[in-house]
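Student: Sequence and predicted structure below; questions after.
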Amino acid sequence: MRTTVSLTLILVLAALSACTRNTQPQQKQLTLAVPSGGEGEALKQAARDYEAQTNVHIDIAQLPYQNLFEKELIDLKSRTGAYDLIMLDDPWFPRFASEQLLTDLTPLLQQRGQTNPESDFVATSIALCRHPYQTGSLYAFPYVGNSQLFFYRKDLFEKHSLKAPATWDDVLAAAKTIQEKESAGVNGGQLYGYVMRAEQGNAAVADFMPIFWAFGGEMFDASGKPTVNSPEGIAALQFMIELGKYSPPGYVSFNASDVGAHLLQGTAAMSINWPVWISSFSDPAKSKVIGKIEFTTLPSGQKQGQAEIGNWLIAIPRDSRNAADAMDFLLWATTAQQMKQSAQQGNPPTRKSLFNDAELMAKNPAYPAQLRSLESSRPRPRTPYWNEIENAFGIFLSKANSGELSPADAMNQANAEIEKILQRAK
Amino acid sequence: MPKSRRFFSAQNRREWLLPALFIAPALAVLLSLSIYPLFYSITISLQQETSSGVVWTLGNFTRLFSDNFFLIAMVHTFVYAVAALSCEFLLGLGLALLLNSRMRGRGLLRASLLVPMMLPSVVVGVIWRLMLNPDFGAINGTLRQLGISTEGLTWTASPKLAMLSVIAVDVWQWTPFVFLVLLAGLQAIPEEPYEAALIDGSSRWQTFWHVTLPLLKPSILIVLLLRTMDLLRVFDQIFILTEGGPGFTTETISLYIYRTAFRFFDFGYAAAMSFVLLALTNVISVIYIKFLQAKDAI
């Protein structure tokens, strides 16, 4: 008897609480998916500020990089409408856009009378947000404007009267000179001329692409057939391996953090890396090379040097039930004023006006180099199968760097694998 | 209480109701978390997405035979499993025999041997990744202190040493488990067969071969079964130590399945690979059981 009474009571209470929730004044609600780390933190902070100003409640799901991709793709494909806004890394964008998982922003912009909202954005950044690339409709806004930079030790370059590295040949020559003449690094250990990362997958591909492009390599020809085993491609890989001789042993399993650590410890003189590392070089707790690192654009070969672009975008899933509210927040968060807050926390902006903002430039001496690098940067090939291609390509790059395969064999096998992936996709 | 008993006996047809009510939650959990996903993964392994929609096909299974990455990963998995299992078994058996005798301090020794097994594999992976670092890792540091040149000893970054490194880490972590089970088995063997062997004048080797090993068979079976299943599906340590690299040198089938499912989002193909792995694991287990249990079935 007593159980019956308490059960009934619980049921009644549950029903009541459900009712009261329904009768509350309608508050607008948005759900946001962001990555862990600085980029996600910035948008999270923006969301908190937005909540304080408006009648919108924002739920935030913050996930580590890899899990974010899984979670977003699974949720969007199963069309749950769980998220109203998602942050995505630009190589993911072709997959999301080609599977029609994102909201076309054009009608939403027209409703708001915004015909040309993107004029202040860096052209290469906004081009990433269109599907097809550069020409199609707008499906996202760029939020964080990363592109690769070339890092080098200007003190060592001055000491050995080397000129700033403008070409890859300069880089190789400088690596050789520095490694031969500097018998001892800052810790009394070896100082390496260069530090590369060639862990299979993303790491190897990211460090290789700028060399590949500068040597005149192209991943696909005009008809979309893979051409990584072109003479230019093989020469580029040969060069990478040559440069690897001046890189710390074990670089075949290095990732971005290993590269960053070698630069911070003063045990390597040059590298390609992402802007997120810039602030650490002036942090006395982490850096043994304060004021000694210079940042510049990627070196050239037969062709002008180009960095790989790696922007964080914000998009609205197609099945969001609050697309209009999401659009309001998206426009607000990517205004110059809001993006400046994000830039002050260390995220490179995507707006030209912010790269030229006096206050930000004073704090970020690398901004001119970053803007030049970003404006001349290239995206990774825009294909929905990029993850698979990058994985296969990275395996063979890594194999060539570890000496398991010759550069020509590695590129031929990589080409065949990439062709297989594209065949299957048809 | 008598009241409720009468309640039930009066309504025999409803006698199943209460037990069913108790079983229902467990059944629901089982159905939704095990049985439904199992059938679902069978379905998706038999489907492929094409431009004209989803079609039923054996394509995911036939693709296995032309996929170099899959075949090489399979070979790696077996090399890894056989090498690690042999080392773990021989070392574990040796240690168990050694510590089964009444030597001093064996309690402490036994306890300390178990430490690696208590650590999560991810932690083991991180510890060893640091220890094997060619520049500032403890292994190369020690070798240099001893005056041994460490040039070329890049461990997880070397195509020649990477597989050896990941196998060594597994041996380090799981030999204690083999040791523990075999030691328990040894201690369960009664004194009498040994006394009989002594009277018959058998040598130590004969005693080990004809008395200890046969009586240890049940424990050996358990150890081999559990370790084989674990080794064939190994994921975490390798993921942390090498992520399958350098190149593809240490990529095992579980890593490849993970990549296919969660990086390439090809769940159908990943499911097909999982079923092949499952089938192989089952076949091997059945062989073990036949081989080790048939003759001595009690």
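Tutor: Yep, that arrived.

Student: And the strands in the chain, which stretches?
Tutor: Since no chain was named, I'll use chain A. Using DSSP state E, the strands of chain A run over A:28-35, A:56-63, A:85-89, A:130-131, A:137-138, A:140-144, A:149-153, A:270-273, A:293-296, A:312-315.

Student: The chain in question should be chain B.
Tutor: Assignment of strands within chain B using DSSP E yields the ranges B:47-50, B:53-56.

Student: what's the pLDDT at B:V115?
Tutor: Here, the pLDDT recorded for B:V115 equals 88.

Student: dump the residue contacts of the closest residue to it other than its chain neighbours.
Tutor: In this structure, B:V115 finds its nearest non-sequential neighbour in B:P176, 7.7 Å apart by Cβ to Cβ, 6 or more residues apart in numbering or on different chains. C-beta here means a position set from N, CA and C on the backbone, and glycine is covered the same way. By Cβ atoms under 8 Å, 6 or more residues apart in numbering or on different chains, the contact set of B:P176 is B:G92, B:L113, B:L114, B:V115, B:P116, B:M117.

Student: one more time with 10 Å
Tutor: Contacts here follow Cβ atoms under 10 Å, 6 or more residues apart in numbering or on different chains; on that basis B:P176 touches B:E88, B:L91, B:G92, B:L95, B:R110, B:S112, B:L113, B:L114, B:V115, B:P116, B:M117, B:M118.

Student: Out of these, which is nearest to chain A?
Tutor: Checking the contacts of B:P176 against chain A with Cβ to the nearest Cβ, the nearest one is B:P116 at 23.0 Å.

Student: For the chain, give me the ranges with low pLDDT.
Tutor: If you meant another chain, say so; for now it's chain A. Filtered on pLDDT under 70, chain A yields the residue ranges A:1-26, A:183-189, A:426.

Student: looking at chain B here, not the other one
Tutor: B:1-14, B:294-298.

Student: And for the most centrally placed residue in chain A, nearest residue in space, chain neighbours not counted?
Tutor: Nearest to the mean C-alpha position of chain A, by Cα atoms, centre = their mean, lies A:G310 at 3.0 Å. Distance criterion Cβ to Cβ, 6+ apart; nearest residue to A:G310, sequence neighbours excluded, is A:N146 at 4.4 Å.

Student: Verify the stated contact: the one you found with A:L313.
Tutor: No: when contacts are counted by Cβ atoms under 10 Å, A:N146 is not listed as touching A:L313 (11.3 Å).

Student: For those two, list the residues in contact with both.
Tutor: Common neighbours of A:N146 and A:L313 are listed as A:D89, A:D90, A:S125, A:T350 (criterion: Cβ under 10 Å, 6+ apart).

Student: which one of those residues is nearest chain B?
Tutor: Using Cβ to the nearest Cβ, A:D89 comes nearest to chain B of the shared contacts of A:N146 and A:L313, at 12.7 Å.

Student: Count the residues that sit near that closest one.
Tutor: Using other Cβ atoms under 10 Å in any protein chain shown, the number of residues around A:D89 comes to 17.

Student: Would you check how far apart it and A:L128 are?
Tutor: Per Cβ to Cβ, to the nearest Å, A:D89 is found 10 Å from A:L128.

Student: Quickly list what's touching both of the two.
Tutor: A:G310, A:N311, A:L313.

Student: B:T212: neighbouring residues, count only.
Tutor: By other Cβ under 10 Å, the residues close to B:T212 number 19.

Student: List the contacts of it.
Tutor: Counted by Cβ under 10 Å, 6+ apart, B:T212 has contacts B:L93, B:L97, B:N100, B:G185, B:L186, B:I189, B:P193, B:Y194, B:A197, B:R204.

Student: Helices - which of the residues you listed land there?
Tutor: B:L93, B:L97, B:N100, B:G185, B:L186, B:P193, B:Y194, B:A197, B:R204 (DSSP state H).

Student: Out of these, which comes closest to A:I272?
Tutor: Within those, proximity to A:I272 (Cβ to Cβ) peaks at B:L93, which comes in at 51.0 Å.

Student: wait, the closest one sits on B:L99?
Tutor: No: under the criterion of Cβ under 10 Å, B:L93 makes no contact with B:L99, lying 11.2 Å away.

Student: Please enumerate the shared neighbours of the two.
Tutor: Counting by Cβ under 10 Å, 6+ apart, the residues touching both B:L93 and B:L99 are B:F179, B:L183, B:L186.

Student: Could you check which of B:L93 and B:L99 is surrounded by more residues?
Tutor: Taking neighbours as other Cβ under 10 Å, B:L93 and B:L99 compare with B:L93 leading, 23 against 17.

Student: returning to that earlier point: looking at the strands of chain A, which is nearest to B:P134?
Tutor: strand A:270-273 (17.8 Å).

Student: Who does A:Q29 form a beta bridge with?
Tutor: Beta-bridge pairing of A:Q29, defined through DSSP bridges, involves A:H57.
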